[in-house]
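Asks: Okay, here's the prediction I keep looking at, along with the sequence it came from:
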Amino acid sequence: KAKSGDKDATKRMNVGNKIREALENELPARAVELDKEEARIAAEFYLLTIRPVLYVMNTDEDSLSAGNEWTEAVEKHAAAQNSVCVRLCGKIEEELGGLSDEEQREYLESMGMEEPGLHRMIRASYALLGLITFFTAGEQEVRAWTVRSGSTAPEAAGEIHSDIEKGFIRAEVTAYDDLVQYGSMNGAKDAGKMRLEGKEYIVKDGDICYFRFNV
């Protein structure tokens, strides 16, 4: 088909040739630089080595920020394969697990850390998979929902129920950081931090959404 001028077949052949060259050089398919359209085509090949990989390195306390020869070797290997690395110290994570929120903050400050390694690992995993989290909050419960990065407000609403997506009117959106800063949804609203967004709005990681709909 590619020889007969079929454009789609030609694109598939070109992507296949790129990947074949990498495999013949003992590199995984994920090491190949592909644009968005090429990545979509490559996904249709269902290749095992095109799956994203996250390397989690358990280091000692001194190597957590400075690194060492072993972390450098893993990071170099990962970079060559378009993969991602995260360092964490299992000993520190274990100690954090037994502390209250306030004690955790004090401990992290004393170690010169902004957040636990587990949080970095989760964020890296989500980013690698192209996922984000948004929240819904009511009087009875707060729930986290996972959607693809780049999802519109109606698409995110559809994760909750298809009727909400079909009857979407608008979304009342508050950023997570604003909620933390002002202490409550009402506080954020009074500060002018709650926004009304329409059907074209791209939901961001950490958004707190209340969807208005009619069916």
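Replies: Received the coordinates, thanks.
Asks: okay, now Q81: neighbour count?
Replies: 18 (other Cβ atoms under 10 Å). (Each C-beta comes from the backbone N, C-alpha and C, glycine too.)
Asks: That one against A29, yeah?
Replies: No: the criterion here is Cβ atoms under 8 Å, and Q81 misses it with A29 at 9.6 Å.
Asks: other SSEs contacting the longest helix along the chain?
Replies: In the chain, assigned by DSSP state H, the helix with the most residues is helix 7-24. Using 3 or more Cβ pairs under 8 Å, 6 or more residues apart in numbering; DSSP states H and E, the elements in contact with helix 7-24 are helix 36-43.
Asks: Give me the buried positions along the helix it packs on.
Replies: Within helix 36-43, the residues scored as buried using 16 or more other Cβ atoms under 10 Å are E38, I41, A42.
Asks: show me the contacts for the first one.
Replies: Right, the one you point to is E38. By Cβ atoms under 8 Å, 6 or more residues apart in numbering, the contact set of E38 is K11, N14, V15, K18.
Asks: now the last one
Replies: Remark: with contacts taken as Cβ under 8 Å, 6+ apart, A42 is in contact with V15, I19, A29, V32, L34, I50.
Asks: and these as CSV, adding neighbour count and distance to R212?
Replies: Compiled in CSV, the contacts of A42 are given as follows (neighbours: other Cβ atoms under 10 Å; distance: Cβ to Cβ, whole Å):
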residue, neighbour count, distance to R212
V15, 22, 42
I19, 24, 45
A29, 21, 44
V32, 21, 44
L34, 18, 39
I50, 19, 40
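Asks: Export those residues as JSON lines, with columns for pLDDT.
Replies: What follows is the contacts of A42, written out as JSON lines (pLDDT from 0 to 100):
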{"residue": "V15", "pLDDT": "94"}
{"residue": "I19", "pLDDT": "94"}
{"residue": "A29", "pLDDT": "94"}
{"residue": "V32", "pLDDT": "92"}
{"residue": "L34", "pLDDT": "90"}
{"residue": "I50", "pLDDT": "93"}
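Asks: now the helix or strand of the chain with the lowest mean pLDDT, how far from the centre of its chain.
Replies: In the chain, no helix or strand scores lower on mean pLDDT, DSSP states H and E than helix 63-66, which sits at a mean of 88. A distance of 24 Å separates the centroid of the chain from that of helix 63-66, by Cα atoms, centre = their mean, to the nearest Å.
Asks: buried ones in that helix?
Replies: Here helix 63-66 shows S63, L64 as buried, counting by 16+ other Cβ under 10 Å.
Asks: I'd like to know which elements it is packed against.
Replies: Partner elements for helix 63-66 (3+ Cβ pairs under 8 Å, 6+ apart): strand 84-88.
Asks: What ranges does the protein have for its strands?
Replies: 54-58, 84-88, 131-137, 142-148, 168-175, 195-197, 207-213 (DSSP state E).
Asks: can you list contacts of the third one?
Replies: Outside of strand 131-137, the residues that reach it under the criterion Cβ under 8 Å, 6+ apart are 126, 142-149, 151, 156, 160, 176, 185, 203-211.
Asks: Quick one, which of those are buried?
Replies: Counted by 16+ other Cβ under 10 Å, the contacts of strand 131-137 give 145, 147, 151, 156, 160, 176, 185, 203, 206-209, 211 as buried.
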